[in-house]
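Q: Kindly generate the corresponding structure for this input.
(one chain, ligands or ions: 2)
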Amino acid sequence: MSALAPYKNDFLKASIDGAILKFGSFELKSKRVSPYFFNAGDFYRADLLRAISTAYAKAIIEARQNGTLGEFDIVFGPAYKGIPLATAATDKLAELQPETYGKICYSFDRKEAKDHGEGGNIVGAPLKGKRVLIVDDVITAGTAKREAIAKIRKEGGIVTGIVVALDRMEKLPSPDGDDSKPMPSALGEIRKEYNIPIVAILTLDDIIAGMKNFASEEDIKRTEEYRKNYKASD
Ligand SMILES: O=P(O)(O)OC[C@H]1O[C@H](OP(=O)(O)OP(=O)(O)O)[C@H](O)[C@@H]1O
Ligand SMILES: O=C(O)c1cc(=O)[nH]c(=O)[nH]1
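A: Ligands and ions are numbered 1, 2, ... in the order given. You can find the predicted model right below:
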C-alpha cells in the first residue's frame, strides 16, 4: 500500500477495517458477477463516514489544486448511496477550506419523482445554471453516472466533473449484450463523451496491490481473474 498517497492509504485501511470491501459472489447493476464488492452503504458509523468524507474532500482539493477538476457550485450525490456521501463531502470541504468551500451547496435526486409537497425529483440546491460536481461511490459500467448527468442537465445544471471512491477499471458493456467482447473503458468513454474530468480515490489495481496484505490467496486469484475478464481494451 506504500505507493499510495497517505490519504488514499488511510481510506483503503478504513474500507478494509470497516468491512466495506467484501469478498464472495455479488451480482452488480451491470449484471456482471463480481468476486468483490465495495459497499459504500456500510460507511454508516460516524468514524467511517468521516473517513470517506475526508478522502473525498482531500481528493477534490488536490484535483482542484493540480488543475484536474474545474470549479463547481454544487456537490451532487446520485440516489441512493451517493446522497450521504455528497452531503458529508460538502461539509468536510467547508471544514477543511472554509474560505473556498464555506458556501458550496449540495443536491441530490429522488429515484421516483414526488408528486405532492414541493414536488419534483431534486432535493437541495436548485441546479439551474450551476456548475455541478457529481460525488458517488463506484463506477463499474458507467450507467449510473450517465443517468446522473442526464438528470442534472435536464434541470439546467452544468456537470463539471465526477469524483468516485472506487474505479473498478471495467470495460463498457457491448451494445449487443455480449460482455465477453473487447470494449473500451467505461470511465474513459464518459470522460471523452461528456468532456469532463473523472477522479477516483482508489482503483481496482490499488485494491489488488493492497489485498496482498489482508486477503486470502483464493480471493486474490478470483479478483485478478475478474480484472482480466472485464479489463478495458484501451
Ligand atoms: O457504473 P455502474 O454499472 O452504473 O454501477 C455502479 C453503480 O451501481 C450502484 O448504484 P445503484 O444504481 O445500484 O444505486 P444505489 O446507490 O441505490 O445502490 C452503485 O452505487 C454505483 O453508483
Ligand atoms: O457495479 C455495481 O453495481 C457495484 C459495484 C460495487 O463494488 N459496489 C456497488 O455498490 N455497486
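Q: any chance you could map the strands in this protein?
A: Per DSSP state E, the chain has strands spanning 21-27, 33-38, 74-77, 105-114, 120-124, 131-139, 158-167, 198-203. These are given in chain order.
Q: which residues sit against stretch 204-220?
A: Residues outside stretch 204-220 that contact it (Cβ atoms under 8 Å, 6 or more residues apart in numbering) are 1, 3-4, 8, 12, 16, 21, 23, 35-36, 166-169, 223-224, 227. Every residue, glycine included, has its C-beta placed from N, CA and C.
Q: I meant stretch 145-162, not that one.
A: Contacts for stretch 145-162 (Cβ under 8 Å, 6+ apart): 63, 69-72, 74, 76, 78, 82, 109, 121-122, 126-136, 139, 190, 194, 196-199.
Q: and Arg32, how many neighbours does it have?
A: 18 (other Cβ atoms under 10 Å).
Q: Looks like it contacts Tyr230 (just checking).
A: Yes: with contacts counted by Cβ atoms under 8 Å, Arg32 reaches Tyr230, the gap being 6.5 Å.
Q: Report the buried members of the contacts of stretch 145-162.
A: Buried residues within those, counting neighbours by 16 or more other Cβ atoms under 10 Å: 63, 69, 72, 74, 76, 78, 82, 109, 122, 127, 130, 132-136, 139, 190, 194, 196-199.
Q: Centre of the chain to stretch 109-125, how far?
A: 22 Å (Cα atoms, centre = their mean, to the nearest Å).
Q: Just the CA trace of that stretch, in PDB.
A: The C-alpha trace of stretch 109-125 is given here as PDB (Å, rounded to 0.1, in the frame of the first residue of the first chain):
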ATOM      1  CA  ASP A 109     -32.200  13.300  -6.800                       C
ATOM      2  CA  ARG A 110     -35.100  11.100  -5.800                       C
ATOM      3  CA  LYS A 111     -35.300   7.800  -7.700                       C
ATOM      4  CA  GLU A 112     -39.100   8.400  -8.200                       C
ATOM      5  CA  ALA A 113     -40.500  11.900  -8.600                       C
ATOM      6  CA  LYS A 114     -42.500  13.300  -5.700                       C
ATOM      7  CA  ASP A 115     -46.000  14.500  -6.700                       C
ATOM      8  CA  HIS A 116     -47.000  16.400  -3.600                       C
ATOM      9  CA  GLY A 117     -45.500  19.000  -1.300                       C
ATOM     10  CA  GLU A 118     -42.500  20.600  -3.000                       C
ATOM     11  CA  GLY A 119     -42.800  18.000  -5.800                       C
ATOM     12  CA  GLY A 120     -40.100  17.200  -8.400                       C
ATOM     13  CA  ASN A 121     -37.200  14.800  -8.100                       C
ATOM     14  CA  ILE A 122     -34.300  17.100  -6.900                       C
ATOM     15  CA  VAL A 123     -33.700  17.800  -3.200                       C
ATOM     16  CA  GLY A 124     -31.300  20.500  -2.100                       C
ATOM     17  CA  ALA A 125     -29.800  23.300  -4.100                       C
END
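Q: thinking again about what came up before, from the contacts of stretch 204-220, list just the buried residues.
A: 1, 4, 8, 12, 16, 21, 23, 35-36, 166-169, 223, 227.
Q: Pick out the lowest-pLDDT one from the residues you listed.
A: For the buried ones among the contacts of stretch 204-220, the minimum pLDDT belongs to Met1; the value there is 45.
Q: other SSEs contacting the longest helix belonging to the chain?
A: Ranked by residue count and defined by DSSP state H, the top helix of the chain is helix 46-65. Contacts defined by 3 or more Cβ pairs under 8 Å, 6 or more residues apart in numbering; DSSP states H and E place helix 46-65 against helix 6-17, helix 82-96, strand 158-167, strand 198-203.
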